[in-house]
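Build me a model:
(chains A and B)
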Amino acid sequence: MSGAAQVTKRAKYKISVKDPGTTGALRMNDQKLMFMPDNRNSGAKLVVEFKSIQGHKYTKEGSNKPPLINLANAQGGSYIFEFDSYSDLHVCRDFVSKVLEKSKETPNAALEKSAVKLPDEQLSEEEMQLRIKLLQENSELQKLHRQFVGGNILTEAEFWAARKKLLDRDPSKKSKQRVGFKSAMISDIRPATDGRTNKVTFSLTPEIILQIFAEKPAVHRAFLNFVPNKMTEMEFWTKYCRAEYLSRTKNYHAVVAEAAEDEELAVFLKEDDILANEVRKKIRRVDPTLDMEADEGDDYTHLPDHGIFRDGTKESNELQSEHYRRTLLQDLNRHAAVVLEGRTIDVEREDSTRALAEALARSKRGNEGADNNANEERLDRTPRVAEIEDLQAPHCLPLAPLSIKDAREYFDSQQANTLKASRDSQASMKCSLSRQEAYGSVRDAISEIKDMGLSDPIVNPEVALKVYSGLTHNISSIKYHLGKNPRETVLDRLPSATKEKLLYHWMSIQELLKHFWSSYPITTPYLYSKVNRLKDALSNIYPQLEVYFWPEFTAFA
Amino acid sequence: MASAPSKLYSDDVSLVVVLLDTNPFFWSSSSLSFSQFLTHVLAFFNAILTLNQLNQVVVIATGYNSCDYVYDSSSTGNQSVGNGRMPSLCATLLQNLEEFMNKDEQLGKQEPEGRIACSLLSGSLSMALCYIQRVFRSGLLHPQPRILCLQGSPDGPEQYVAIMNAIFSAQRSMVPIDSCYLGAQNSAFLQQASYITGGVHHKPQQLDGLFQYLLTIFGTDLHSRNFLQLPKPVGVDFRASCFCHKNTIDMGYICSVCLSIYCKHLKKCSTCGSVFGQAQTQSDEPSATNRKRKTTDA
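Numbering: from 1, shown residues only, chains lettered A, B, ... in the order given. Sure, this is the predicted structure:
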């Protein structure tokens, strides 16, 4: 290998092959290449890092072309240099290829050397990248990796075999959190009014359109049906906005008149029948076995008007326009329900409103199937749970009832056994007195007190002091050893450096034991050698622990 | 009228049920004489009663053949008997104790065979718990009960089941069992009792300072224990005794139906009659599992 740290040659820098080029000097070293034109003022000075150079091409010696080298950079541009002779070209080419090879290596070598492909394992580029990323993110994992794979205790394959779950993850498939619907009702669109020309302008963005479709399924259905068969999108939205405007004016007669004229407009104005169906289904789905207890707070019957304050004077009977009346409360509730359901499609992905509508329809259809099953389950459960216990037949379970044999025989009759058994048990003080003597001595003691009264002092002061100090010493030493807080562990009272070392050793022992036990039963010589390696590693940990912790251990003894 | 009594019932009113060990065979061979013991204990009772006007002391004697109530500080029939040399508490108690000992002697027929006999701790524990239950049902205002066990006799393994039942019911009613063991060995039952119910167990090193131990450790009421440091045992002896021989064992077999403990493998459980399955035949697996088949038992 040419050991030149840098190369300097005369060359011409060309923008393209046809370009005559500016003459100057080309200097290359490990990091970058520099081109200095002869004419300082020409402005073709060039400094390029080798990191950004992806590849190089060069003209062959035998051809009639001039000696050129073409260095391609990451952005797709290229730097073309023409040399005086082919030998110069060769020198530069060798140098460039050497530098490029080395620079390809460095990101891998920057990590632990053990992240090297094993000959018996074919890893793809992206798997390597994933492993390197995982190691970079998790410092604990990196420490373990360095200790075991670097120390030749475990091979790379074995290390990652225990962590398949981490590697399986395909980051591009990870589902990202989607931004939800706004809680403000943007579907309640307000037009911009232009006082001069008496025009009213509504502006609809895809976001607003999505919300309209989600909240008003009748409009959604109308869109899918009408566009593009009956009318264009523009017309559809014009009609919709007209309907909105009309309903906002609260002029019900106008609303009814318009609805009678224009059939499609009527769709927007009348009550949403899809919603009504859904609500009916929901009512049927309510679980009748739900236990709802009423308490005093629910007693509204004793309040006037059942606790609701109403002023009946303003009510008007507009029966015929019932269809076209929409209340704010209904809109708000519907909006809240949609926001809580969450967003199932991304607005940006859909190009046209039509595609948006279809995607929404598809996602809605997916949810219906699950509902039916839940419904059936509920119907099944209702009769079971609502049964009245008193009226049921007694449960005949297939179990045998527990029958404890005569308890007295168990508790009492064991006396003989114990006397026999405990005769040779613990050597306690043997009672040498007979029964009578024993009872007699106790009775004497009682009469003694009766005559003498309680002794004075009851306790000798020195003895009391000794007892007292013994107790306090005992209590304080136990507190020292076991800690005041029963949940405090021994670990928490060690200095933090010691604690970390202990935890690190624990972690490595866990890892080694995991691999150790997974290699049993030993069926191949490979497993045998692996087990031996692990055994050696495990036995090496003991002296390490002793070195660190012996002083602390003796303190606790 | 509801306010006045409740003002008197502050947090530290306690009812102490004391289980006094009166096993004559133990006391005749103990380094602490029974009269000295009684001195300490009587002074201690006085001290408890002076701590709070509403404190109550109930004494149950744990004899060799029987157990009985010996003293109740709340009963109004405490006449001053005998000479005026001691407070009526002591006089009444001693009188009752003497009568109890006489009765106990009459009940017993056998001679103990060369070892210290055990007293009937399970009986007195049960009586104490019954008394406490009655106090619980007497109304909303009652002192906080606890049980104090002054025991010197060794554990009777034949009482294991009964004592464990009593301990669990005390745990359920949240009554702590304190225990002061005066004998030579360690008492596993008392350690377990105090551990499970949340009481204090202590084995005094110096028996002639017993009064000091009693005052310092066992005189504290339950409310104050939240902010006092009392001696904690370093370890508890949790060994059970087997149901067949009443030996203390630490590894054994358990019936999966009634949870009785046996020291060796049986074909049939002697408590509930369930039949067990075939055991493993190798002898190097001593703890074979109890597979059992459920059969209906006549």
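
would A:V48 count as being in a strand?
Yes: using DSSP: H, G, I helix; E, B strand; the rest coil, the assignment for A:V48 is a strand.

Number of residues surrounding it?
Neighbours of A:V48 under the rule other C-beta atoms under 10 Å in any protein chain shown: 16. C-betas here are computed from N, CA, C, even on glycine.

do A:T197 as well
Per other C-beta under 10 Å, the neighbour tally for A:T197 reads 7.

Identify the residues contacting it.
A:T197 makes no contacts at all, as judged by C-beta atoms under 8 Å, 6 or more residues apart in numbering or on different chains.

Go ahead and list the helix or strand containing the residue nearest to B:S274 when sequence neighbours are not counted.
Spatial nearest neighbour of B:S274, excluding adjacent residues (C-beta to C-beta, 6 or more residues apart in numbering or on different chains): B:V257 at 4.5 Å. Under DSSP states H and E, no helix or strand contains B:V257.

same deal with A:A361?
Using DSSP H and E, A:A361 falls in helix A:353-385.

For A:E293, which three-state class applies?
Using three-state DSSP, the secondary structure recorded for A:E293 is coil.

And it, its phi and psi?
Torsion angles at A:E293 (phi, psi; degrees, to the nearest 10) stand at phi -90, psi 140.

Quick check: pLDDT value at it.
For A:E293, the pLDDT comes out at 72.

For A:P20, give me its contacts.
A:K12, A:K14.

how close does it sit to chain B?
Using C-beta to the nearest C-beta, to the nearest Å, we find A:P20 at a distance of 94 Å from chain B.

Repeat that for A:A294.
The gap separating A:A294 from chain B is 28 Å, by C-beta to the nearest C-beta.

what does A:E101 give?
With distances taken as C-beta to the nearest C-beta, A:E101 is found 63 Å from chain B.

what helix or strand does that residue sit in?
According to DSSP H and E, A:E101 maps onto helix A:86-110.

Over to A:S477?
helix A:461-482.

Can you work out which other helices and strands pack against that helix?
For helix A:461-482, the contact count by 3 or more C-beta pairs under 8 Å, 6 or more residues apart in numbering or on different chains; DSSP states H and E identifies helix B:210-213 as packing neighbours.

Okay, buried residues for the helix it packs on please.
Neighbour counts over helix B:210-213 (16 or more other C-beta atoms under 10 Å in any protein chain shown) mark B:L210, B:F211, B:Q212, B:Y213 as buried.

Now narrow those to whatever sits close to chain A.
For chain A, the contacts drawn from the buried residues of helix B:210-213 by C-beta under 8 Å from any C-beta of the partner chain are B:L210, B:F211, B:Q212, B:Y213.

Could you list the residues in contact with stretch B:188-195?
Applying C-beta under 8 Å, 6+ apart, the set of residues contacting stretch B:188-195 is B:121, B:149, B:151, B:155, B:159-160, B:163-164, B:167, B:170, B:176-179, B:181, B:199-201, B:233, B:236-239, B:248.

cool, and stretch A:457-474?
Contacts for stretch A:457-474 (C-beta under 8 Å, 6+ apart): B:39-40, B:43, B:204-206, B:208-213, B:216-217, B:231.

pLDDT of that stretch, averaged?
The average pLDDT within stretch A:457-474 is 87.

If you count neighbours, what's buried in it?
For stretch A:457-474, by 16+ other C-beta under 10 Å, it's A:I458, A:V459, A:V463, A:A464, A:K466, A:V467, A:G470, A:L471.

Tell me the one of these nearest B:Y253?
Ranked by distance to B:Y253 (C-beta to C-beta), these are led by A:L471 at 42.1 Å.

Identify the residue of the stretch 101-250 of chain A closest to chain B, quick one.
Here the residue of the stretch 101-250 of chain A nearest chain B is A:A162; by C-beta to the nearest C-beta that distance is 30.7 Å.

For the closest residue to that residue other than its chain neighbours, which three-state class applies?
Excluding its sequence neighbours, the residue lying closest to A:A162 (C-beta to C-beta, 6+ apart) is A:K514, at 6.2 Å. Per three-state DSSP, the local secondary structure of A:K514 is helix.

do you know how far A:K514 is from A:T327?
Here A:K514 is placed at a distance of 64 Å from A:T327 (C-beta to C-beta, to the nearest Å).

So which of those two has more stuff around it?
The residue with more neighbours, out of A:K514 and A:T327, is A:K514; 11 against 8, by other C-beta under 10 Å.

Skip ahead from the helix-or-strand element of chain A with minimal mean pLDDT and say which helix or strand is next.
In chain A, no helix or strand scores lower on mean pLDDT, DSSP states H and E than helix A:415-421, which sits at a mean of 46. Elements were assigned by DSSP H and E; along the chain past helix A:415-421, the next helix or strand is helix A:435-452.

ok, now which ones touch B:P24?
Counting by C-beta under 8 Å, 6+ apart, B:P24 has contacts A:R435, A:A438, A:Y439, A:S441, A:V442, B:Y64, B:M101.

which two in these are spaced the farthest apart?
Across the contacts of B:P24, the longest distance by C-beta to C-beta is 13.5 Å; it joins A:S441 and B:Y64.

ok, back up a step: in CSV: the buried residues of helix B:210-213, plus pLDDT and distance to A:H505.
Formatted as CSV, these follow (pLDDT from 0 to 100; distance: C-beta to C-beta, whole Å):
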residue, pLDDT, distance to A:H505
B:L210, 93, 49
B:F211, 93, 51
B:Q212, 93, 47
B:Y213, 93, 44
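
the domain parsing of chain A - what is it?
As given by the TED database, the domain ranges for chain A are A:7-106, A:125-172, A:186-298+A:335-373, A:490-555.

Need the distance between the two termini of the longest one.
The reference is to domain A:186-298+A:335-373. One end of domain A:186-298+A:335-373 sits 35 Å from the other (C-alpha to C-alpha, to the nearest Å).

returning to what we had before: and the helix holding A:A361, what does it pack against?
In terms of contacts (3+ C-beta pairs under 8 Å, 6+ apart), helix A:353-385 is packed against helix A:206-215, helix A:217-226.

got the buried residues for it?
So, applying 16+ other C-beta under 10 Å, buried residues of helix A:353-385: A:T353, A:L356, A:A357, A:A359, A:L360, A:A361.

Could you find the closest non-adjacent residue to the fifth one?
Here the nearest residue to A:L360 in space, its sequence neighbours aside, is A:F213; by C-beta to C-beta, 6+ apart that works out to 5.3 Å.
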